[in-house]
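1. predicted model, plus sequence, below.
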Amino acid sequence: MGKTIHEIPPAERPREKLLRKGARALSDQELLAVLLGQGTPGLDVMALAAKLARLIDQKGLDVRAEDLQQFAGVGDAKATLILAAIEFARRRIKPEGSRIETPADLLPHIHQYADRKQEHFLCASINGANEILNIRVVSIGLIDRSPVHPREVFADALADRASAVIVAHNHPSGGLEPSPGDTAVTAQLKAAGAILGIELLDHIIFNRTGY
């Protein structure tokens, strides 16, 4: 279980940490905590930020106000602030519309998952011009494995009308060697994609230092 805001030393609390080290030094949870400002009587701001971060991971750019407002304490003000921040960043960084020349070009858009303590299995939908349509978390697993099924990978890709996908997952244990399970999942996804007409371009394994 993570620390509450009051258990974090004052200098390391999200707002103070951002001022000292810059926004890049903050985790997704910490960035959301800054946006939220405070939690609710029953939920510390760090706990609320963790719940929202997980939801946004799963929804990607499709997250909507009603998705955020399902959490107690997130009303119109907090929901609109978060959505405005996401849209403001999207217009400048534009993960969707970014052209992929090689599968490794996806890495700058998913590097924030490298330090997650659980394995996150990601899917990037790619259009016919090799541009990113969306990036979503398909599943979150244990320390060393993340169960994934083709239907979960391709459901959103079909909705996006993607022509291809790139899948990726972090290795919390640090190693980059694919496990037998990784190889099996890759083969399964490649076969399923061939049937659906959505090409699997690559399966990337990454950690903090490489891929």
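-> Great, that's in hand.

2. what about the closest residue in space to residue 162 that isn't next to it in sequence, neighbour count?
-> Once flanking residues are discounted, residue 162 sits nearest to residue 125: 3.8 Å by Cβ to Cβ, 6 or more residues apart in numbering. All C-beta atoms are positioned from the backbone trio N, CA, C, and that covers glycine. For residue 125, the count of nearby residues is 25 (other Cβ atoms under 10 Å).

3. which stretches of the protein have low pLDDT?
-> Across the chain, the ranges flagged by pLDDT under 70 are 1-2, 91-97, 142-146.

4. and it, what are its domains?
-> 5-93, 103-206 (automatic domain parsing).

5. let me see the ranges of the strands in this protein.
-> With DSSP state E as the criterion, the chain has strands at 120-126, 132-140, 164-170, 199-206.

6. which of those strands sits closest to residue 58?
-> Nearest to residue 58 among the strands of the chain is strand 132-140; the distance by Cβ to Cβ comes to 5.2 Å.

7. bridging residues for the residue nearest to residue 162?
-> For residue 125, the beta-bridge partners under DSSP bridges are residue 134, residue 165.

8. please renumber so the chain begins at 875
-> Done: numbering now begins at 875, and the last item shifts to residue 999.

9. isn't it up against residue 1008?
-> Yes - when contacts are counted by Cβ atoms under 8 Å, residue 999 is listed as touching residue 1008 (5.0 Å).

10. any residues in contact with both of the two?
-> 1030, 1034 (Cβ atoms under 8 Å, 6 or more residues apart in numbering).
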